[in-house]
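Undergrad: Here is my input; please provide its structure:
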Amino acid sequence: MLSFLLLLAIGLSPLHTLYAQDRAVTGTVTAAEDNTTVPGVTVVVKNTNTGTTTDQDGKYTINVTSANPTLVFSAVGFTTQEIAVGNRSVINVSLGVDLKTLNEVVVTGYGTRKKSQVTGAISSVTSKEISELPITNAQQALQGRAAGVDVNMAGSKPGSTPQIRIRGRRSFNASNDPLFVVDGIPLAGGIEDINPNDIASMEILKDASSTAIYGSRGSNGVVIITTKRGTPGKTVVSVDAYTGVNQALGRIDVMDGAQFAEYKRESRRAETRPALKYPDGPATAEADAKLFEPIELDGIASGRTTDYPDALLRTGSISNYQVGVSGGTEKTQFNVSANYFKDKGVVRNQDLTRYTFRVNLDHKINNKLRVGISSLGSHYVRNGENFNPLGGALAENPLGKPYDADGNLIFLPTLDGLRTNPLAEIVPGAVIDERKNYRIFNSLYAEWKIIDGLSYRFNFGPDFKINRYGRFFDSQTNARRGAPALGSVSNAFQFNYTLENILAYSKQFNTVHDLDVTLLQSFQRDNFESSGISVNGIPASTQQFYNLGDASQVNGVDTGLSEWTLLSYMARVNYGFKERYLFTATVRADGSSRFGANTKYGIFPSVAFAWNITGENFMKEARWVDQLKLRLSYGAVGNTAISPYQTQARLSRTSYAWDNTAAFGYRPGSIGNPDLKWETSATANAGLDFSFGNGRVSGSVEYYITNTTDLLAPQPLPNSTGFSGFTTNIGHTRNKGIELTVSTINVDKGDFRWSTDFTFNHNQEEIVELANGKVDDISAGRFIGEPLSVVYDLKKIGIWQTDELDLAKSYGYNPGEIKIEDLNNDGVINADDRQILGSAIPAFVAGMTNRFSYKGFDLNFFLYARAGQFIISQFHASNNSLAGRYNNLDIDYWTPNNPTNEFPRPNVNQESPRNGSTLRYFDGSFLKVRNINFGYNVPTNWASKLGMTSLRVFTSIQQPFIFSEYRSKYKGIDPEVELDNGQSNQNRGIGSDLSPATSVITFGINAKF
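TA: Take a look at the predicted model:
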């Protein structure tokens, strides 16, 4: 009673006092975007020191004591919420995404920086964006998602890797591929062995200020891959799986039996010799009997059309299954995953099976010392890497008969001895094309905090690769045509390791000065051993390539060793004043064993400045501006661009007669050049980062110019010297362009959200100087002011028509033949009329992702476009001979009764049309619906009944539509093609070595326990 009177005296009711006592409030925090639980959210009682964090399942418990408590929920990447408790004991919270702080920390190489403090041009792709696509290779996830990164994936052959060019090509002779860095270790090669599901983020370093820390390795840009690691808390078991089917997205259209017969007749109507000419007018049985062989006549009479390409195609499938376990304590965190991936291609005998196992482990020994490891083990088996049967199938006579009456395969369906039955290629065991690859890649580190702000880190990255490639061609295949069976095996072993010592110092002075210093010493060594043997006359087909010692003839034996070493030193200083004015300076020195004694070392500096304009007083009234940051940078990076031993004079084996007996000797094989020096690419970059309307619109715009000088390229020599050429430093190329990245939140109201990510880049690639200054090198196809490779040929302007007979004759042509532009108007068509028709470099590349979410449902679709590039369609050359011998593309060819300007008249007297190369060139612009993904996040209470903490089910359609003139008008399949053939820089054509484009439908789940 006394207590009650005292409470009344100070104006408090018993009820008020009851709720002022300690009590627990519990709940679950989820993400509004996809309804998944959010671990690590800070929950604080407002205006107190009482707080907690959500566990791995997003759950929390907090004690409140104040009379009217308010809970504050905050987490990086989400908007902060304040909720009054009232008399509730359970409060569930849904946090919205905050784009201002999303991905606030980015990996910059040898460290991380807050996004607001980054001074270089860096793009990021998150694990969420990667998971939206059922991809084989992580490089595919970069396509259209990162401005300035041009990714091309030609065809659908399982195991093929995309080609990546960051801000264009720079070098004539060197690889233009970027450097990949995985968990801090630079790779000597690609990332095809890495499971995309294991990747947490991918950062793309594009300007010299960003890439200079990697020196000569970063001349073509750097892709930094960070894999997923464990976090303290409850152990989480995750299961991610999808499976689906893929089908060819259309087919190359060739003639059926009736069309082929008429085309063959037309090719003989063009015959000028009366005895061999097919009569004009409708076909007759008498004329056909003189032209066609018996099997063809049987096909014409019965209306037979043998669809050989269809027999080589199938419905493919794709499957991916992954189990992961992650968690840990404050001292030890782990993330373990195992993955199985299977891609069965739409062309028979083409498939990929991959197994990967990853362990990421971090352990805190004490407050000063931390160690960890990232370990990847992978094994894949790839079939059909160089198995390309479609070209032959497209050319095969459709009037032929592939099987006899008893169902036995007919090896020669017609009397043409050069045309074998394409179906013989897929007889089990007839053609074996198998590659097996084993890889163990590790990244080990030890980190020591010496004193406050000063730390030392040791990195060790051993990378082991074992590769075996076996091929076998039985006697009854097109490669052998009845000759004895052939087999070959090649083996390769590669060991690459990196040792790095890193000293980092970070300190803030007087709350306004921020200083970060990074010092690096790095050593990388690569050892590559290879061996191979090829034989003829394998006695039994079942031996394939496993017992080559039984063969009757050895065609060749080869072994090799290649080694190189890179020794590097790097220093980087980051300074910031009030987080408003930011400055970065980097210098790296690389010493490469590939260069001669006079030029082993190259020094590559860079500087960058950034100004956070929103921190200025004059911006305080512009409350709608969240961020406005100007960035300026300039720097230089190098490129080795040569193979090991290329600076040295080498010997080559030769043969000669010694006293009438064959003997072998050695002669000078190459000219050494100890003065070869590094290619150098200097880049100036200006960028503007922006965010408006509380993150409703954000992004960046970049402008850059890259000048590459001292290009390492081969120069020809007269044959009289005994050498074909030598390598020297010549020339100058330039890339300049604009990049735009914009993210918008279009609608965010109630349970509905719609956001858009858009990227755009335009790159202009040009040759500035060559060996003789500003003079074109026509023989090499290099022209001042043009891209590194162009299409240089005669220009088709139509087909000569009947009413142009006299003019056609004056040029030496007949009606029905290709009409070429007389560029110099001299009345003669010759090499002087060649001109630059186009380039594989597009005018622009763009990508757009739209994401929609409503309650537990989510939908996203991704559009990708390339415009203005010129493509070479090899189908329109190799399968368009118009001679009447092989089947042909089903084209609109010229006849006296069909005066088209598209394709010339068939002519038996021409193995291929005169100037037929001009038929290969097309505008390759396209728009693709790259992916549509629809999912449902099962409510947490439903998932818990299944023993899960979260469950998402989804379906996706990859590449359902391609819009392109090449496809709709000229019956091509997919205009997407790689820019070039690697270091040759020759334009890459679309041909039968590319498997057809596919459309893939998948169904899957993401579950956590």
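Undergrad: Next, the buried residues of the longest helix along the chain.
TA: In the chain, taking DSSP state H as the definition, the longest helix is helix 257-269. By neighbour count with 16 or more other C-beta atoms under 10 Å, helix 257-269 contains the buried residues 257, 260-261, 263-269. C-beta here means a position set from N, CA and C on the backbone, and glycine is covered the same way.
Undergrad: And for stretch 774-794?
TA: For stretch 774-794, by 16+ other C-beta under 10 Å, it's 776-777, 780-783, 786-794.
Undergrad: any idea of the mean pLDDT for it?
TA: The average of the pLDDT scores along stretch 774-794 is 91.
Undergrad: Can I get that stretch in PDB, CA atoms only?
TA: The C-alpha atoms that make up stretch 774-794 are tabulated as PDB, following Å, rounded to 0.1, in the frame of the first residue of the first chain:
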ATOM      1  CA  LYS A 774      51.000   7.800 -89.900                       C
ATOM      2  CA  VAL A 775      51.100   5.500 -92.900                       C
ATOM      3  CA  ASP A 776      48.600   2.600 -93.500                       C
ATOM      4  CA  ASP A 777      49.900  -0.900 -93.500                       C
ATOM      5  CA  ILE A 778      47.500  -2.400 -96.100                       C
ATOM      6  CA  SER A 779      49.100  -5.800 -96.200                       C
ATOM      7  CA  ALA A 780      48.500  -6.300 -92.500                       C
ATOM      8  CA  GLY A 781      45.000  -4.700 -92.700                       C
ATOM      9  CA  ARG A 782      45.900  -1.800 -90.400                       C
ATOM     10  CA  PHE A 783      44.800   1.700 -91.100                       C
ATOM     11  CA  ILE A 784      45.500   5.000 -89.400                       C
ATOM     12  CA  GLY A 785      42.400   6.300 -87.600                       C
ATOM     13  CA  GLU A 786      40.600   3.000 -87.700                       C
ATOM     14  CA  PRO A 787      40.200   0.200 -85.100                       C
ATOM     15  CA  LEU A 788      42.900  -2.500 -84.700                       C
ATOM     16  CA  SER A 789      41.000  -4.800 -87.100                       C
ATOM     17  CA  VAL A 790      38.600  -3.900 -89.800                       C
ATOM     18  CA  VAL A 791      36.800  -5.500 -92.700                       C
ATOM     19  CA  TYR A 792      38.700  -4.400 -95.800                       C
ATOM     20  CA  ASP A 793      37.300  -5.700 -99.000                       C
ATOM     21  CA  LEU A 794      35.400  -4.900-102.200                       C
END
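Undergrad: Any idea how far that stretch is from the middle of the chain?
TA: In terms of C-alpha atoms, centre = their mean, to the nearest Å, the centre of stretch 774-794 is found 27 Å from the chain centre.
Undergrad: contacts for that stretch?
TA: 169, 172, 733, 765-771, 820-821, 829, 833-841, 870, 872, 915, 917-918, 921, 980, 985-987 (C-beta atoms under 8 Å, 6 or more residues apart in numbering).
Undergrad: again, 7 Å this time
TA: Residues from elsewhere that reach stretch 774-794, judged by C-beta atoms under 7 Å, 6 or more residues apart in numbering: 169, 172, 733, 765-767, 770, 820, 833-834, 836-841, 870, 872, 915, 917-918, 921, 980, 985-987.
Undergrad: These in strands, which ones?
TA: Applying DSSP state E to these, the entries found in strands are 733, 765-767, 820, 836-838, 870, 872, 921.
Undergrad: out of the residues you listed, who's nearest L807?
TA: Closest approach to L807 among the ones in strands among the contacts of stretch 774-794 (C-beta to C-beta): I820, at 12.3 Å.
Undergrad: give the contact list for the closest one.
TA: Taking C-beta under 7 Å, 6+ apart as the test, what I820 contacts is 794-797, 829, 833, 915.
Undergrad: quick one: secondary structure of L807?
TA: helix (DSSP: H, G, I helix; E, B strand; the rest coil).
Undergrad: Could you tell me how far it is located from T272?
TA: 20 Å (C-beta to C-beta, to the nearest Å).
Undergrad: Which of the two has more residues huddled nearby?
TA: Taking other C-beta atoms under 10 Å, L807 and T272 do not tie; L807 has more neighbours (13 against 9).
Undergrad: quick one: pLDDT of that one?
TA: 95.
Undergrad: cool, T17 as well?
TA: Per the predicted model, pLDDT is 38 at T17.
Undergrad: ok, now the one 4 residues further on?
TA: According to the model's per-residue confidence, Q21 sits at a pLDDT of 57.
Undergrad: Next: K114.
TA: Per-residue confidence at K114 stands at 71 (pLDDT).
Undergrad: so where do the helices sit in this structure?
TA: Going by DSSP H, the chain shows helices at 2-9, 14-20, 127-131, 208-211, 257-269, 285-291, 294-302, 308-312, 390-395, 805-810, 875-878, 940-945, 965-968.
Undergrad: Give the ChimeraX command for selecting the buried subset of the ones in strands among the contacts of stretch 774-794.
TA: To isolate the buried subset of the ones in strands among the contacts of stretch 774-794 in ChimeraX, counting by 16+ other C-beta under 10 Å, use the following:
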select :733,765,766,767,820,836,838,870,872,921
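Undergrad: mind listing the strands for the stretch 551-700 of the chain?
TA: For the stretch 551-700 of the chain, strands defined by DSSP state E, counting those that start in this stretch occupy the ranges 553-577, 581-592, 601-612, 625-639, 651-658, 661-668, 679-692, 697-716.
Undergrad: no, scratch that, I was asking about the stretch 851-1000 of the chain
TA: For the stretch 851-1000 of the chain, the strands defined by DSSP E, counting those that start in this stretch cover 857-867, 870-873, 921-923, 926-937, 950-963, 989-990, 998-1008.
Undergrad: closest to S633 out of those strands?
TA: strand 857-867 (27.7 Å).
Undergrad: which of the residues in that closest one are buried?
TA: Result for strand 857-867 [16+ other C-beta under 10 Å]: buried residues 858, 860-866.
Undergrad: so what secondary structure elements neighbour it?
TA: Judged by 3 or more C-beta pairs under 7 Å, 6 or more residues apart in numbering; DSSP states H and E, strand 857-867 is in contact with strand 844-854, strand 926-937.
Undergrad: Where does pLDDT dip in the stretch 801-950 of the chain?
TA: Within the stretch 801-950 of the chain, no range satisfies pLDDT under 70.
Undergrad: do you know how far F857 is from F934?
TA: Counting by C-beta to C-beta - F857 and F934 are separated by 8 Å.
Undergrad: can you check L361 too?
TA: 36 Å.
Undergrad: Compare those two and say which is more crowded by neighbours.
TA: Taking other C-beta under 10 Å, L361 and F934 do not tie; L361 has more neighbours (18 against 15).
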